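Visitor: this one's sequence-less:
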């Protein structure tokens, strides 16, 4: 490595790496929004088993049952498919932002002048 690269405060990012991240982001949002649009309206496996074994009626509503994204739907959107797709996009976007933020904080902490790398 040259001394210019060692003294550089930020690593040089390649266009290929940026394109890869953007492609991954696009694919994840397409899967979250696009495939959830076509999700089955049938109950999931746990709900089906609870229904078959007879204890579905004894279940209590959970604390977030009235939340804006309860039951994989966006509150206030009448079209069930669109509501599910929006919930998938919002949920995935939230997770990506949180994970990206945590990654950014951890990465910034580990690359300071006091950190020792061997």
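Guide: Cool, got the structure. In this text, all values refer to a predicted model and were calculated from it rather than measured experimentally. Residues are numbered from 1 along each chain as shown.

Visitor: how much space separates residue 94 from residue 87?
Guide: Residue 94 is 11 Å from residue 87, where distance means Cβ to Cβ, to the nearest Å. The way it works is simple: take the backbone N, C-alpha and C, and place the C-beta from them, glycine included.

Visitor: higher neighbour count, these two?
Guide: More neighbours surround residue 87 than the other of residue 94 and residue 87, with 23 against 11 (other Cβ atoms under 10 Å).

Visitor: mind listing what that one touches?
Guide: The contact partners of residue 87, taken as Cβ atoms under 8 Å, 6 or more residues apart in numbering, are 36, 69, 72-74.

Visitor: quick check, nearest of the residues you listed to residue 55?
Guide: residue 72 (21.8 Å; Cβ to Cβ).

Visitor: burial count for that closest one?
Guide: 14.

Visitor: tell me which of the contacts of residue 87 fall in helices.
Guide: Counted as lying in helices by DSSP state H, out of those, are residue 36.
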